[in-house]
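J.: Sequence plus the predicted model coming up.
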Amino acid sequence: DQQVKQNSPSLSVQEGRISILNCDYTNSMFDYFLWYKKYPAEGPTFLISISSIKDKNEDGRFTVFLNKSAKHLSLHIVPSQPGDSAVYFCAAEGGSGGSNYKLTFGKGTLLTVNP
Amino acid sequence: GAVVSQHPSWVICKSGTSVKIECRSLDFQATTMFWYRQFPKQSLMLMATSNEGSKATYEQGVEKDKFLINHASLTLSTLTVTSAHPEDSSFYICSASGQGVGYTFGSGTRLTVV
């Protein structure tokens, strides 16, 4: 049962444009969400996070939006740069049964930013 | 910032042998460490969670006798893949968290069993 879903396996955008990466979740107990960037054969690098008490968090070119009622979050990157090309993972923390402090990951979206 | 060092970055071993992967937190005390496995184009699947000085908690479907996890100190956790077989070939990643430090990932280990 995939509790965190990234339905787009890939996304291609032009340099300078906005990249929008989407993530849906099914577990209403999740209360903290994170986005990671990952290059092949490397570990994930933390990008930005958001608590369920907020609906938006911004850090430079990266903004994460959370819609709790829709159980949906998105990562906006603007302007997109070729160096942003990587796999982006959405992750959620929380749950029940003592599993609050672990992350559940989506399958990732490969972002390609074309010069 | 917080740094987690994972070693080796890649390893090739013969079927039936055991392989140990180390995960160290370099500049913080990691009260909790996590071990993940990633198949190509798949998500990071949590294998187990370990708290320093305690036995690891394994996720459903993960064989604890095959994937031995030790978290004997606040800066070191090890994952030993015992009696490795080709189907154990994968990318293994550790993550650590501690007081005031969120999930910080190691660089991963590519294991190939031949």
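T.: Received it, and whenever you're ready, just let me know what you need. Predicted, not measured: the structure shown is a model, and the values here were computed from it.
J.: Tally up the residues packed near whichever residue of chain B sits closest to chain A, please.
T.: Closest contact between chain B and chain A, by CB to the nearest CB, is at B:F105 (3.7 Å). Yep, even glycine has a C-beta here, placed from its N, CA and C like the rest. B:F105 has 22 neighbours, counted by other CB atoms under 10 Å in any protein chain shown.
J.: Alongside chain B, which residues does chain A contribute?
T.: A:4, A:9, A:34, A:36, A:41-46, A:49, A:89, A:101-108 (CB under 8 Å from any CB of the partner chain).
J.: Listing request: residues of the chain with sub-threshold pLDDT.
T.: Answering for chain A, as no chain was given. A:95-100 (pLDDT under 70).
J.: quick one: the residue of chain B closest to chain A and A:G43 touch, right?
T.: Yes. Using CB atoms under 8 Å, B:F105 is in contact with A:G43, at 3.7 Å.
J.: and for the two, which residues touch both?
T.: B:4, B:93, B:95 (CB atoms under 8 Å, 6 or more residues apart in numbering or on different chains).
J.: Got the phi and psi for A:P82?
T.: phi -50, psi -30 (degrees, to the nearest 10).
J.: Would you check how far apart it and B:S97 are?
T.: Distance, A:P82 to B:S97, by CB to CB, to the nearest Å: 32 Å.
J.: the more surrounded of the two?
T.: Neighbour count, other CB under 10 Å: between A:P82 and B:S97, B:S97 has more, with 21 against 10.
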